[in-house]
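Novice: What follows is a predicted protein model with its sequence.
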Amino acid sequence: MLGLTQQELADRVGKSRSYVAMIEAGQRTIVRRDLLIDFAEALGVSVADLAGSPPRPRTRDDMYLRSLAAGARLALDEDPDTPGPVRSVGELTRAVDEAMRARMFADYPLLTAALPDLIRETRLLANSGGPQAVDGMRLFVRAAVTASLAIKPFGYEDLATRLGERAMRAAELAGDEVCAAAATFATAQAVLAGGCRRRSFQLAAAGAAELGDGGGDDAKAWYGLLHLHAALSAASLGREGDSDTHLDVAAGIAPQVASDSWRMEFSVPNVGVWRVSVALEKRRPDAVPTLAERVDETALRTPNRRSQLHLDWARGLFLLGEYSMAVRHLLRAVEIAPLKVRRRALVEEMVGQIARDARRTPGEELRTLTVRLGIDPLATEVE
């Protein structure tokens, strides 16, 4: 990309020339976020460019993600000549709640059908200047945060960031600290996915400090979630002490939260799922199996969090070279939330690597996984 030799690129990312050669030849894949960001920075490209995302649709199901992103972008930017009807605050509140629930249940058909209209209608209500404008701003934050978090894992980091930042402005205008915390969390998540580790950490840490640990369940939940994301981004920066501190704060607040009006499932079991993710960011895949086994999966209420547990469990096992167990957990993740898992670039990279290494004796579970993911095992072989 910049005319670098393999050795120069290897020096920039702190790896051997032979490792870089295997990456370029398709014989090895990058599944660690920090390493993917290092390669992207060294090559002067975005993380999305390097990961080859958003993915090109291959099936009808794949079109949901593309349609959702296109619809959200249009609803965020377009000012139609004839705005169309806007539902009442009560109707919009119920519809936004259903969309938030749909994200946690990986119901992308419903999200694709509902979210663009919700973004448009809440935006119009927020900009109306009428007595319900503040209600519109708060509902817009919920819709935009839901859309941002829904599309972020699939290569739409820039749009996810814009949605988060627009939500931050709306929350500021509404003077709502809980909405501000939610919007800050979504923005921090999006910018980390895009490779901006320091900004991500700063957003989350500052957002948690500004919100504080008082207030009701919603405030406490977002306070804990911001600390969880600060722990993740600090680990990505190699700041293990900061990461552990933020994890401990989140773990301490989780038992105090009883309700979940934002549908984020901030809970003690979910903190355990985040611990697995943080261990991966700390480059500690050896800690993943033990941490994952400690999570009571039956206490996780939504497919979003259960599938994330198995995805991260699989990543850790993959990095440890335990491919058969990694395949087993990937299969479990696909069973729980197929549309969330199938088109993740990271999943396809892992399965492609496993298939290349095991092409002579792929095994029944690997064959089943490649079929469910729509991956042709023969296409993963290196010529």
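Specialist: Yep, that arrived. Numbers count the residues shown, from 1 in each chain.
Novice: Need phi/psi at the nearest residue to L74 once chain neighbours are set aside.
Specialist: Among residues not flanking L74 along the chain, P116 sits closest, at 6.7 Å (Cβ to Cβ, 6 or more residues apart in numbering). C-beta: built from backbone N, CA, C; applies to glycine. Main-chain dihedrals, P116, degrees, to the nearest 10: phi -60, psi -40.
Novice: Equivalent analysis for the one 3 residues further on, please.
Specialist: Geometry field for I119 lists phi and psi as phi -60, psi -40, criterion degrees, to the nearest 10.
Novice: now swap in G238 and tell me
Specialist: Dihedral angles (degrees, to the nearest 10) for G238: phi 80, psi 20.
Novice: Looking at it now. What's its pLDDT?
Specialist: Per-residue pLDDT puts G238 at 94.
Novice: okay, now it: neighbour count?
Specialist: 13 (other Cβ atoms under 10 Å).
Novice: where's it relative to A180, distance?
Specialist: 29 Å (Cβ to Cβ, to the nearest Å).
Novice: Repeat that for I253.
Specialist: Counting by Cβ to Cβ - I253 and A180 are separated by 18 Å.
Novice: what does L237 give?
Specialist: 24 Å.
Novice: So between the two, which is more surrounded?
Specialist: Taking other Cβ under 10 Å, L237 and A180 do not tie; A180 has more neighbours (22 against 16).
Novice: Please name the nearest non-neighbouring residue to L76.
Specialist: Going by Cβ to Cβ, 6+ apart, L76 has I119 as its nearest residue, at 6.0 Å.
Novice: so the one you found makes contact with L68?
Specialist: No - using Cβ atoms under 8 Å, I119 is not in contact with L68, being 10.7 Å away.
Novice: Overlap of the contact sets of the two?
Specialist: Residues within reach of I119 and of L68 at once, by Cβ atoms under 8 Å, 6 or more residues apart in numbering, are A147.
Novice: the more surrounded of the two?
Specialist: I119 (26 against 23).
Novice: which residues does that one contact?
Specialist: Here I119 is in contact with A72, A75, L76, F140, A143, A144, A147 (Cβ under 8 Å, 6+ apart).
Novice: Please identify which pair of these lies farthest apart.
Specialist: The widest separation within these, taken as Cβ to Cβ, falls between A72 and F140 and amounts to 12.1 Å.
Novice: low pLDDT regions in the stretch 251-383 of the chain?
Specialist: 358-362, 376-383 (pLDDT under 70).
Novice: quick one: the strands in it?
Specialist: Under the criterion DSSP state E, counting those that start in this stretch, the stretch 251-383 of the chain contains no strands.
Novice: so what's the residue nearest to S267 when sequence neighbours are not counted up against?
Specialist: Distance criterion Cβ to Cβ, 6+ apart; nearest residue to S267, sequence neighbours excluded, is A254 at 6.0 Å. Taking Cβ under 8 Å, 6+ apart as the criterion, A254 is in contact with G224, F266, S267, V268, N270, V271.
Novice: Give me the neighbour count for G175.
Specialist: Counted with other Cβ under 10 Å, G175 comes out at 10.
Novice: now it: how far from E365?
Specialist: 53 Å.
Novice: Let me see the backbone angles for A106.
Specialist: phi 50, psi 40.
Novice: That one touches L339, doesn't it?
Specialist: Yes - judged on Cβ under 8 Å, A106 makes contact with L339 at a distance of 5.4 Å.
Novice: Look at the nearest residue to F266 once chain neighbours are set aside and report its pLDDT.
Specialist: Spatially, and ignoring its direct neighbours in sequence, F266 is nearest to A221 (4.1 Å; Cβ to Cβ, 6+ apart). You'll see A221 listed with a pLDDT of 98.
Novice: Quick check: A221 touching V257?
Specialist: Yes - counting by Cβ under 8 Å, A221 does reach V257; the two are 5.0 Å apart.
Novice: Please enumerate the shared neighbours of the two.
Specialist: Taking Cβ under 8 Å, 6+ apart as the contact rule, A221 and V257 both touch F266.
Novice: More neighbours: those two, which one.
Specialist: Neighbours per residue (other Cβ under 10 Å) separate A221 from V257, with A221 holding more: 27 against 22.
Novice: buried stuff in the host helix or strand of the more buried one?
Specialist: Assessed by DSSP states H and E, A221 sits inside helix 217-236. For helix 217-236, the neighbour count (16 or more other Cβ atoms under 10 Å) marks 217-236 as buried.
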